[in-house]
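Novice: The following block contains a protein sequence and its predicted model.
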Amino acid sequence: MQNLGPAYYTDSKVYEQERRAVFWNSWQLLGPASLVDSPGDYLATEIAGAKVFAIRDHLGALRAFRNVCRHRGARLLPEGKGRCKKIRCPFHGWVYDLAGVLQRTPWFGNDPDFDRHNWPLGEIGLEVWRGLLFVSVHESQTLDVQLGDVIGELAAEPIETYTLTDQRHLVFDANWKIYTDNFVEGYHIPGIHPEFFAAVDYQYFETTVHNNMVRMTAPLRKDLFYRGKWLWMWPNWTLSFFDGGMNTSRINPLGHGRTELLYHFYFADASDAGAALREEVITRNMAVIEEDFEVCCETQKNYASGGYTPGVLSAHHERGVYWFQEKLKEVIDRV
């Protein structure tokens with residue numbers, strides 16, 4: 001088994017293939033559906049450069065749209081969570097209702113060939129699974145098919161009972177696959193995460209590959225905020241458990257050499273009394289995540305320098321890396 005060649009991480013043409021074949025052709029985790037709980041609540045984000053938003057309409061239905069005005073392509077809603085009564089384009093003032101129907105085109109003038117009913121917002125796929133909100137720019141398969149084995153993996157976990165309490169947004173200068181390669185193996189733990197390494201019985205760290213999921217487990221030797229199970233799901237989201245809660249993340253490329261991580265933290269105890277403990281768990285969690293950034297960024301530089309040729313992968317520790325890379329090649333080769 002060999003690692004991917006550096007061009008997969010540095011070539012902008014590969015990134016364009018990935019945007020179309022992977023990110024715009026799959027279900028993407030936005031966060032908990034509770035973020036859009038009332039009419040007018042919306043959540044706007046980008047998926048590998050495609051601007052989208054989910055919104056609760058006046059009848060209480062959840063919908064998702066391209067965050068693109070049908071007039072001249074301006075962004076409609078600012079990124080993040082918000083609330084609105086109408087969707088108004090800031091460029092020329094076109095107004096859509098919460099169901100995406102064009103209602104007004106101020107000062108547009110009379111045009112007998114123009115019928116506003118023919119110009120609704122571009123609707124995209126939306127599904128809610130166990131309280132988590134997913135959207136798809138182009139639906140090529142059902143969400144259940146993409147989720148694969150994570151459905152059974154989480155069947156006994158009370159994830160719907162956890163409450164979102166905190167969010168974190170991180171950006172670093174490396175390709176999204178370098179971070180993914182890193183996430184789906186525990187081989188780097190002794191060198192990069194010394195506190196983590198000391199807290200687990202590393203000789204029993206296990207990585208297993210399943211249908212659209214990589215599962216990593218390790219027995220704990222001493223106190224660690226993690227519960228000893230970490231999951232990565234195709235193509236770019238993760239879920240990790242700790243006592244009394246979990247976190248999810250979406251690994252989103254901002255270009256072929258820049259990546260953002262969008263983390264959500266959920267807890268069983270969302271009370272004020274539990275705030276200090278929650279903050280401790282989040283702080284320790286983020287410290288582990290940020291320990292990976294330097295090696296990811298320096299690896300990106302080495303890939304770009306021409307000084308690297310593909311190395312051999314460990315059949316024991318890096319089977320998740322190999323599975324992810326082979327799946328990626330299979331998907332983008334179809335483009």
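Specialist: Okay, I see it. Source: prediction; values computed, not measured.
Novice: can you list the domain ranges for this protein.
Specialist: The record, using automatic domain parsing to delimit domains, assigns the chain the ranges 27-139, 147-332.
Novice: Dump these to a markdown table, plus mean neighbour count.
Specialist: For the C-beta atoms, the positions are set from N, CA and C on the backbone; glycine is no exception. Shown next, in a markdown table, are those (neighbours: other Cβ atoms under 10 Å):
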| stretch | mean neighbour count |
| --- | --- |
| domain 27-139 | 17 |
| domain 147-332 | 17 |
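Novice: right, and the ones you listed - which one's nearest residue 17?
Specialist: With Cβ to Cβ, the closest approach to residue 17 among the domains of the chain belongs to domain 147-332: 4.4 Å.
Novice: which residues touch residue 328?
Specialist: In this structure, residue 328 makes contact with 4, 8, 18, 22, 177, 235, judged by Cβ atoms under 8 Å, 6 or more residues apart in numbering.
Novice: I meant to write residue 266 there.
Specialist: By Cβ under 8 Å, 6+ apart, the contact list for residue 266 reads 32, 159, 162, 163, 164, 165, 245, 246, 247, 248.
Novice: Export these as TSV, with columns for pLDDT, distance to residue 137 and secondary structure.
Specialist: Formatted as TSV, the contacts of residue 266 follow (pLDDT from 0 to 100; distance: Cβ to Cβ, whole Å; DSSP: H, G, I helix; E, B strand; the rest coil):
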residue	pLDDT	distance to residue 137	secondary structure
32	97	20	strand
159	96	25	helix
162	97	28	coil
163	97	29	strand
164	97	24	strand
165	97	29	strand
245	94	30	strand
246	96	26	strand
247	96	25	strand
248	98	20	strand
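Novice: out of the residues you listed, what pair is the most spread apart?
Specialist: With Cβ to Cβ as the measure, no two of the contacts of residue 266 lie farther apart than 159 and 165, at 14.2 Å.
Novice: so residue 17 touches residue 256, yeah?
Specialist: No - contact between residue 17 and residue 256 fails when scored by Cβ atoms under 8 Å: they sit 10.6 Å apart.
Novice: what about the helices in the stretch 151-300 of the chain?
Specialist: 176-183, 189-192, 194-199, 275-291, 293-305 (DSSP state H, counting those that start in this stretch).
Novice: Which elements pack onto the last one?
Specialist: Spelled out, that is helix 293-305. Contacts defined by 3 or more Cβ pairs under 8 Å, 6 or more residues apart in numbering; DSSP states H and E place helix 293-305 against helix 7-10, strand 163-172, helix 176-183.
Novice: Pull the residues that contact the last one.
Specialist: In other words, helix 176-183. Residues from elsewhere that reach helix 176-183 (Cβ under 8 Å, 6+ apart): 3-4, 8-9, 172, 188, 230, 232, 236, 238, 251-253, 259, 261, 292, 295-296, 299-300, 303, 321, 324-325, 328.
Novice: how about the nearest residue to residue 7 once chain neighbours are set aside, what does it touch?
Specialist: Nearest in space to residue 7, with sequence neighbours left out and distances taken as Cβ to Cβ, 6 or more residues apart in numbering, is residue 14 at 6.6 Å. Contacts for residue 14 were tallied using Cβ under 8 Å, 6+ apart; they are 7, 8, 256, 332.
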